[in-house]
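# Output the structure for:
(one chain, ligands or ions: 1)
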Amino acid sequence: MMIDYSKYCSNTTRILIPSIARSLLKFVEDREIISFAGGLPDPLLFPINEIKEIVNEILTNHGSEALQYMPSRGILLYLEELRKFLYRNREINTDTSNIVVTTGSQQALDLLGRVLLDEGGYIVVEDPTYIAALNVFKMQRVKIIGIPIDVVGMRIDILEETVKKLGNDGKKIKFVYTIPIAQNPSGVTMSLERKKYLLELAEKYDFLIIEDDAYGMLVFDEHIDTTPLYSLDRYGRVIYIGSLSKVLAPGLRLGHLVAPAPIIEMIEIFKQVTDLHTSAFTQYIAAYAFKRRVIERNIQKMKTIYKLKRDTMIKALEEFLSGLAEWTKPIGGFFIWLKINREIDTDLMLPNAIKRGVMYVPGKGFCINEYCNNTIRLNFSFPSVNQIRLGIAILSEVIRDYTKG
Ligand SMILES: *Cc1c(COP(=O)(O)O)cnc(C)c1O
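Residues are numbered from 1 along each chain as shown. Model prediction:
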């Protein structure tokens, strides 16, 4: 008998759409293809030799702790090194008791979703926003309100109108989720003025802000203000989440959450239920990497290489796609957002691109209300400089052929 396994699956399984980028990643393994689709760091930047030394040192000196069960919130040595790291690099002045170590920052989002949200509640995100965060919020069955963005981030004036209007109907939002620096997928960075305006609104209309700082240390252009909302906040409105994925190695699966004590207490309980604790072994690795200043010593090189790749992509876009599309000019991060000057569906165009050997993520999946059928998210961190030039040239041909028809 053929069993229909879907009948055993929960209703939640029907809510989640698999990330398009993730389901397409399997094509990349198949053959030589230039991929602008993922969001992977350049593996040549992983400090492999240094991590090798560190692992040896840990197993020699701390083997019995690194391989043992440890407290849910994180191991003390790592919490203390992380606190100092956040102070040195992100102006975040906090106590170790306000930090929870998570299994990637993805888990921080998931835990926050469980701790803060009820079915039918309202939350606000940038439109477009990070698909993996959208999926976390969808799982909690909340109503997601998208606020458009421009070159200096979320339109806080539209946010204010929106919360006012909701308030008139007796409704409130729980939080605003934002990626203020080098946003995924748009590459846009929020101005200092908008950050201050957002904080004032949070206090005035009584909501929280979840700040996703995945790219806070990866800003290549100087003179840009990169102060986290967390350190500007005088009201206790901001929950900060960070990650080592983009500045050290995603394979370590290390993220963190900084929040007021009552939130931390709840997160700790849910963390225990979810996975008891994040790997003590990788926490030891990162603690030693912090002690040796591995990230701080590596970051300049990372910025130089990512800046070169961004510049290469912008230059190729100017050369091959002028007049045919518009794109953002990110000051950092991993992504450029491309909008084709025609009402074409980039989802339907994708097989043509793959056939010719390039891959991208159609923009639609990142969007709430904005019209995004004609948009594409382009990743410049993973492909090589040569692949970027060649891939954009091919992509321009694909677009030209497709828009001709
Ligand atoms: C890459 C990325 C992260 C990192 O997720 P991890 O689970 O820490 O690997 C978080 N937020 C955004 C917006 C990202 O692009």
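# in the protein, what residue is nearest the ligand?
Scanning the chain for the residue nearest the ligand gives G104, at 2.7 Å (criterion: Cβ to the nearest ligand atom). Using the backbone N, CA and C atoms, a C-beta is placed for each residue, glycine as well.
# Now for that residue: which residues touch it?
Counting by Cβ atoms under 8 Å, 6 or more residues apart in numbering, G104 touches 243, 245, 250, 253-255.
# Phi and psi next, for it.
phi 70, psi 160 (degrees, to the nearest 10).
# gap between it and G242?
11 Å (Cβ to Cβ, to the nearest Å).
# Mutual contacts of the two, please.
G255.
# Those residues of this structure touching the ligand, which are they?
39, 104-106, 130, 179, 184, 212, 214, 243, 245-246, 250, 255 (Cβ under 6 Å from any ligand atom).
# Take those and keep only those in strands.
With DSSP state E as the criterion, strands contain 212, 243, 255 from among these.
# Tell me where the stretch 251-400 of the chain has helices.
Using DSSP state H, counting those that start in this stretch, the helices of the stretch 251-400 of the chain run over 261-275, 280-291, 294-321, 346-356, 385-404.
# which of those sits most buried?
helix 280-291 (a mean of 22; mean count of other Cβ atoms under 10 Å).
# Now tell me what touches it from outside.
47, 50-51, 54-55, 57-58, 62, 65-70, 74-75, 77-78, 81-82, 84-85, 101, 244, 248, 252-254, 295.
# where along this protein do the strands fall?
34-35, 99-103, 122-127, 143-150, 153-154, 173-178, 208-212, 238-243, 254-258, 325-327, 335-340, 358-359, 361-362, 375-379.
# want to throw these into TSV with distance to L317, mean pLDDT and mean neighbour count?
Output for the strands of the chain, formatted as TSV (distance: least, Cβ to Cβ, whole Å; pLDDT from 0 to 100; neighbours: other Cβ atoms under 10 Å):
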stretch	distance to L317	mean pLDDT	mean neighbour count
strand 34-35	15	94	23
strand 99-103	36	98	25
strand 122-127	22	98	23
strand 143-150	19	98	18
strand 153-154	22	98	26
strand 173-178	26	98	24
strand 208-212	26	98	24
strand 238-243	28	98	26
strand 254-258	32	98	26
strand 325-327	5	97	18
strand 335-340	7	98	22
strand 358-359	13	96	24
strand 361-362	16	94	26
strand 375-379	8	98	26
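# Between those, which one is closest to R310.
strand 335-340 (7.4 Å; Cβ to Cβ).
# Tell me the strands beside that closest one, with direction?
In the sheet, strand 335-340 lines up against strand 325-327 (antiparallel), strand 375-379 (antiparallel) (DSSP bridges).
# export it as CSV, just CAs?
C-alpha atoms of strand 335-340 as CSV (Å, rounded to 0.1, in the frame of the first residue of the first chain):
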residue,chain,number,x,y,z
PHE,A,335,24.6,41.1,-1.5
ILE,A,336,23.5,43.4,-4.3
TRP,A,337,19.8,43.7,-5.1
LEU,A,338,19.0,43.9,-8.8
LYS,A,339,15.8,45.2,-10.3
ILE,A,340,15.2,44.6,-14.0
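# Other residues contacting it?
So strand 335-340 is contacted by 39, 128, 182-188, 310, 313-314, 317, 321, 324-330, 346, 363, 374-380, 399, 403 (Cβ under 8 Å, 6+ apart).
# Confirm for me that D118 is in contact with Q140.
Yes. Distance between D118 and Q140: 7.5 Å, which falls inside the contact criterion (Cβ atoms under 8 Å).
# So between those two, which is more surrounded?
Higher neighbour count among D118 and Q140: Q140, with 21 against 9, using other Cβ atoms under 10 Å.
# Run through this structure and note the low-pLDDT ranges.
Scanning the chain with the threshold set as pLDDT under 70 gives 17-31, 405.
# Now for the nearest residue to G323 once chain neighbours are set aside, how many residues are close by?
Spatial nearest neighbour of G323, excluding adjacent residues (Cβ to Cβ, 6 or more residues apart in numbering): N341 at 7.5 Å. Neighbour count for N341, taken as other Cβ under 10 Å: 13.
# Pull the contacting residues for Y306.
42, 218, 220, 332, 334, 380-381.
# repeat that with 10 Å
When contacts are counted by Cβ atoms under 10 Å, 6 or more residues apart in numbering, Y306 touches 41-42, 45, 182, 215, 218-220, 246, 330, 332-334, 380-381.
# Could you do E53 as well?
47, 288, 292.
# Distance to F175 for the residues you listed - can I get that in JSON lines?
Putting the contacts of E53 into JSON lines (distance: Cβ to Cβ, whole Å) gives the following:
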{"residue": "P47", "distance to F175": "35"}
{"residue": "Y288", "distance to F175": "35"}
{"residue": "R292", "distance to F175": "36"}
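# closest to A259 among those residues?
Y288 (25.9 Å).
# for the residue lying closest to A280 once chain neighbours are set aside, phi and psi?
Distances taken as Cβ to Cβ, 6+ apart place M70 nearest to A280, at 4.2 Å, with adjacent residues excluded. Note on M70: backbone dihedrals following degrees, to the nearest 10 are phi -140, psi 170.
# And the nearest residue to I92 once chain neighbours are set aside, how far from V258?
Excluding the flanking residues, the one nearest I92 by Cβ to Cβ, 6+ apart is L86, at 4.0 Å. Separation of L86 from V258 (Cβ to Cβ): 7 Å.
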